[in-house]
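Peer 1: need coordinates for the below:
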Amino acid sequence: MNPSRPVTRRQIVLGSLGAAALSTTSTRVLAAEYPERPITFICPWPAGGTADRSMRVICQIAARELGQPIALENRAGASGMIGSKALSSARPDGYTIGQIPISVTRFSQLGTVQLDPLKDFTYLARTSGQTFGIAVPANSPFKSLRDVIAKAKAQPGVITYAHAGIGGATHVGMEQFAQAADVRFNAIAYKGGSAALQDVLGGQVDLLADSSSWAPHVEAGKMRLLATWGEARTPRFKDTPTLKELGFDVVVEAPNGIGAPKGLPATIEKRLRDVFRTAVNSEEFRKVAESIDAPVMYQDGPDYRKYVQAVYQQETELIRRLSLKELMAKG
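Peer 2: Numbering: from 1, shown residues only. As a prediction, the model looks like this:
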């Protein structure tokens, strides 16, 4: 083009169309070539736990679908928030993805992690929930949840329960139950479910509120499961009632999901959503999920995001009702 001649409107339009075509072509090429190298998957929990086990299986299936390895990296700490923050801060190129705990909707509002779960992630799939419950040692005088409630009403604040950290699902779920039953317990916070379990087994604490760490001990006859917190009974413990069945409108399943940083190209987002749909709905994953009492709760990315938004709003009210900010401040 002669620089001395003025640029016509037609030339500007043609130039814009050419740039748009080039951009579209580049995006298609990017999608066609993705992934060209291994992908990192951030798991915000320690190795060996139920979340770690379920995510490893999903990653194995997804890797086969994608034709590239997916390396699972454990970044545990702060109730899953260290890994969540690392994921939200990564480059949105599809080579760093990870598990998003639903508790990010609570901890972001409590100030434990500096991120916005409604703006800082691209949601790809909801995967599976967890089975929470209240368990006691086999020699406990509490034969049923009604026994617990009766003593708690007679002696408020005397019964102790162990949980895995202030603001976490086990603490919040137990306090929701206490409010619904109009009783008061003495909550004992631990840094994780394993330490909580050991002190309950040792008789230092009356009740355990946890995900299915109690399961093998219940099956071995060392513990008694008083209630689970899901919408329906757990198949492996079908004789144990849910809180809802017992008349308390409390359901805690804390489903996990998979996501990426915000700004993920749409074509890569679709590719990953398709791959994780296949992985979560596979028979291979279903069998592993059943073995750890993790009900499959699949949702596609857009629906999962709507779910997160709804939970975020529910958590706002829950934080106020349970005075969680004040409890966090006390430590």
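Peer 1: tell me the spacing between Gly133 and Gly167.
Peer 2: In this view, Gly133 and Gly167 are 19 Å apart by Cβ to Cβ, to the nearest Å. C-beta coordinates here come from the backbone N, C-alpha and C atoms, glycine included.
Peer 1: which one's more surrounded, these two?
Peer 2: Between Gly133 and Gly167, counting by other Cβ atoms under 10 Å, Gly133 is the more crowded of the two (29 against 21).
Peer 1: Three-state assignment for the more buried one, please.
Peer 2: Look at Gly133: counting by DSSP: H, G, I helix; E, B strand; the rest coil, its state is strand.
Peer 1: and Ile188, by the same measure?
Peer 2: Classified using three-state DSSP, Ile188 is strand.
Peer 1: cool, and Thr127?
Peer 2: strand.
Peer 1: what about it, distance to Pro295?
Peer 2: 10 Å.
Peer 1: Lys222 too?
Peer 2: Taking Cβ to Cβ, one finds Lys222 at 25 Å from Pro295.
Peer 1: tell me which of the two has more neighbours.
Peer 2: Pro295 (18 against 14).
Peer 1: tell me who's in contact with the more buried one.
Peer 2: By Cβ atoms under 8 Å, 6 or more residues apart in numbering, the contact list for Pro295 reads 128-129, 131, 230, 253, 289.
Peer 1: out of those, which are buried?
Peer 2: 128-129, 131, 230, 253, 289 (16 or more other Cβ atoms under 10 Å).
Peer 1: so which of those comes closest to Leu318?
Peer 2: Distance to Leu318 across the buried ones among the contacts of Pro295 (Cβ to Cβ) is lowest for Glu253, with 14.8 Å.
Peer 1: how about the contacts made by the closest residue in space to the closest one that isn't next to it in sequence?
Peer 2: Once flanking residues are discounted, Glu253 sits nearest to Gly129: 3.6 Å by Cβ to Cβ, 6 or more residues apart in numbering. Contacts were defined as Cβ under 8 Å, 6+ apart; by that measure Gly129 touches 230, 253-256, 294-295, 297.
Peer 1: mind checking pLDDT for Gly129?
Peer 2: Gly129 carries a pLDDT score of 92 in this model.
Peer 1: so how far is Ser194 from it?
Peer 2: Taking Cβ to Cβ, one finds Gly129 at 20 Å from Ser194.
Peer 1: equivalent analysis for Gln60, please.
Peer 2: For Gln60, the distance to Ser194 equals 25 Å [Cβ to Cβ].
Peer 1: settle it for me: which of these two has more neighbours?
Peer 2: Gln60 (16 against 13).
Peer 1: tell me which residues in the strand or helix carrying that one are buried?
Peer 2: Using DSSP states H and E, Gln60 falls within helix 50-66. Neighbour-count burial for helix 50-66 flags 50-55, 57-63, 65-66 (criterion: 16+ other Cβ under 10 Å).
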